[in-house]
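Trainee: prediction below, plus the sequence it came from.
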Amino acid sequence: MPIPTEPIGSIPRPPQLIQAIRDSQEGRTSREKLDALYAEALRDTIQRFEATGSPVITDGEQTKPSFATYPVHGLNNLAPDGVSIPFADGHTRQLPRLVSGPFRYKTQAASYLEAAKRYSHIPLKQAVISASAVSLLYPQSGIEGYSRAEFLDDLVREAEADIRLCLEQGAYKVQVDFTEGRLALKLDPSHGLLRQFIDLNNRVLSRFSPEERRRIGVHTCPGGDQDSTHSADVDYAGLLPELFTLEAGNFYIQLASEKDRRRVLSLIRESARPDQKVFVGVTDPINPRVESAEEVRDQVLEAAEFVPPAQLGTTDDCGFAPFSDDTSTARETAFEKIRARVAGTRLAAQKLGL
């Protein structure tokens, strides 16, 4: 397409899969049955994703426990009482806590990509969690015999491998999920925590060549989960100038749900470098109303007033179900919104004469 359009990652899982996951956790479903449902959900998701007309798809994260914890799920050196992330509606998500070193990923994102390739006929992108998000597993009190510096060295190596294996397996793009960027400003308005996160992620990105970084992107949003967010009240003016110092070639920015899109677009124009592509969110996954193609078109045309069309792309504000138990958005609604994004982006390109 003259204006590229890409999804973020997750798609709501089928209800029977969600129930089977719960049953499995309580010992009421066999591993064989659960694996069969995972495989069917993956096949169905890719088939329906392709039917939307999207030129690039994901596996819908059907088999990830969550977008954030997939690398460490099942490790035996974790405790469940890690950092807790509060959302505006009162619910929380809790990360695990590392209790001993060394730190290693148990699962790499390339395994999800390899499984999806069995079913897909069009390019696949792969989402990975940022090193900065995983760094929250290390406790503030430290770990005896395993310093934070040692942990960060291990983490950078593991995060690099997570991205590199996806690139080597032919991912169209590798998207680093950086939803904690905006949250960092809420936790520390001085920008100190955000800059630590940026520096850590750049340690990872610096290990890739300029050509490789053109296939790597960074996603930012205020954390959409169960129709709520953790940091939508944080002003983008504090994040965006720092965000574009990340050494990535693509940026996926939540925008459709912003109250003042033109102000955010002005910030993007001031902050983005000419060699960075900007994918603006044109659908809001936590709003059940499906946008029309014409609404999407108008959002793209608005963005084109601020971002040169050669740098412009479209996306969804965030994933539709980043945690495996998220049922707040209907599965069909997600695909309808994706269809609108694809059609509206095409209409905008035609209007712009591209």
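Mentor: Ah, there it is.

Trainee: which residues of the stretch 151-300 of the chain fall in strands?
Mentor: 174-177, 216-220, 250-253, 277-283 (DSSP state E, counting those that start in this stretch).

Trainee: turn those strands into TSV, columns for mean neighbour count, mean pLDDT and distance to residue 290.
Mentor: Quick note: C-beta positions are derived from backbone N, CA and C, even for glycine. Below are the strands of the stretch 151-300 of the chain laid out as TSV (neighbours: other CB atoms under 10 Å; pLDDT from 0 to 100; distance: least, CB to CB, whole Å):
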stretch	mean neighbour count	mean pLDDT	distance to residue 290
strand 174-177	26	98	24
strand 216-220	25	97	22
strand 250-253	27	98	20
strand 277-283	26	98	8
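
Trainee: and those: which comes nearest residue 322?
Mentor: Residue 322 sits nearest to strand 174-177 of all these, at 8.3 Å, using CB to CB.

Trainee: to residue 53, which of the strands of the stretch 151-300 of the chain lies closest?
Mentor: Among the strands of the stretch 151-300 of the chain, strand 277-283 sits nearest to residue 53 (CB to CB), with 14.2 Å.

Trainee: is it possible to export the strands of the stretch 151-300 of the chain to JSON lines including distance to residue 236?
Mentor: Shown next, in JSON lines, are those (distance: least, CB to CB, whole Å):
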{"stretch": "strand 174-177", "distance to residue 236": "17"}
{"stretch": "strand 216-220", "distance to residue 236": "9"}
{"stretch": "strand 250-253", "distance to residue 236": "8"}
{"stretch": "strand 277-283", "distance to residue 236": "12"}
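
Trainee: pull the number of nearby residues for residue 128.
Mentor: 26 (other CB atoms under 10 Å).

Trainee: A strand includes it, no?
Mentor: Yes - assigned with DSSP: H, G, I helix; E, B strand; the rest coil, residue 128 falls within a strand.

Trainee: and the gap between it and residue 340?
Mentor: Using CB to CB, to the nearest Å, residue 128 is found at 27 Å from residue 340.

Trainee: what sits against the residue lying closest to residue 155 once chain neighbours are set aside?
Mentor: For residue 155, ignoring the flanking residues on the chain, the nearest one in space by CB to CB, 6 or more residues apart in numbering is residue 131 at 5.5 Å. Residues near residue 131 by CB atoms under 8 Å, 6 or more residues apart in numbering: 155, 156, 159, 200, 201, 203, 204.

Trainee: do the same with residue 62
Mentor: Contacts of residue 62 by CB under 8 Å, 6+ apart are 11, 13, 17, 38, 41, 42, 45.

Trainee: so is it in a helix, a strand, or just coil?
Mentor: Quick answer, by three-state DSSP: residue 62 is coil.

Trainee: so what's it scoring on pLDDT?
Mentor: Per-residue pLDDT puts residue 62 at 95.

Trainee: now residue 305
Mentor: For residue 305, pLDDT reads 98.

Trainee: hang on, it packs against residue 265?
Mentor: Yes - applying CB atoms under 8 Å, one finds residue 305 in contact with residue 265, separated by 7.3 Å.

Trainee: show me which of the two is the more surrounded one.
Mentor: residue 265 (22 against 10).

Trainee: pull the number of nearby residues for residue 333.
Mentor: If we define neighbours as other CB under 10 Å, then residue 333 has 16 of them.

Trainee: circling back to that earlier point, just checking, which of the contacts of residue 131 belong to helices?
Mentor: 155, 156, 159, 200, 201, 203, 204 (DSSP state H).

Trainee: which two in those residues are spaced the farthest apart?
Mentor: 155 and 201 (10.7 Å).

Trainee: for residue 138, what are its contacts?
Mentor: So residue 138 contacts 98, 148, 151 (CB under 8 Å, 6+ apart).

Trainee: which parts of this protein are helices?
Mentor: 15-25, 31-51, 110-117, 131-134, 148-168, 180-187, 192-205, 210-213, 236-243, 261-271, 293-304, 331-351.

Trainee: skipping adjacent residues, who's closest to residue 98 in space?
Mentor: Per CB to CB, 6+ apart, closest to residue 98 is residue 137, 4.5 Å.

Trainee: the one you found and residue 183, how far apart?
Mentor: 15 Å.

Trainee: kindly report the same for residue 264.
Mentor: 17 Å.

Trainee: go on, residue 133?
Mentor: Residue 133 is 10 Å from residue 183, by CB to CB.

Trainee: what about residue 99, neighbour count?
Mentor: 16.

Trainee: pretty sure it sits against residue 77.
Mentor: Yes - with contact defined as CB under 8 Å, residue 99 counts as touching residue 77 (5.5 Å).

Trainee: just the mean pLDDT for stretch 312-323, thanks.
Mentor: For stretch 312-323, the mean confidence score works out to 93.

Trainee: no, scratch that, I was asking about stretch 47-54
Mentor: 97.

Trainee: most neighbours among the contacts of residue 138, which one?
Mentor: residue 98 (23 neighbours).
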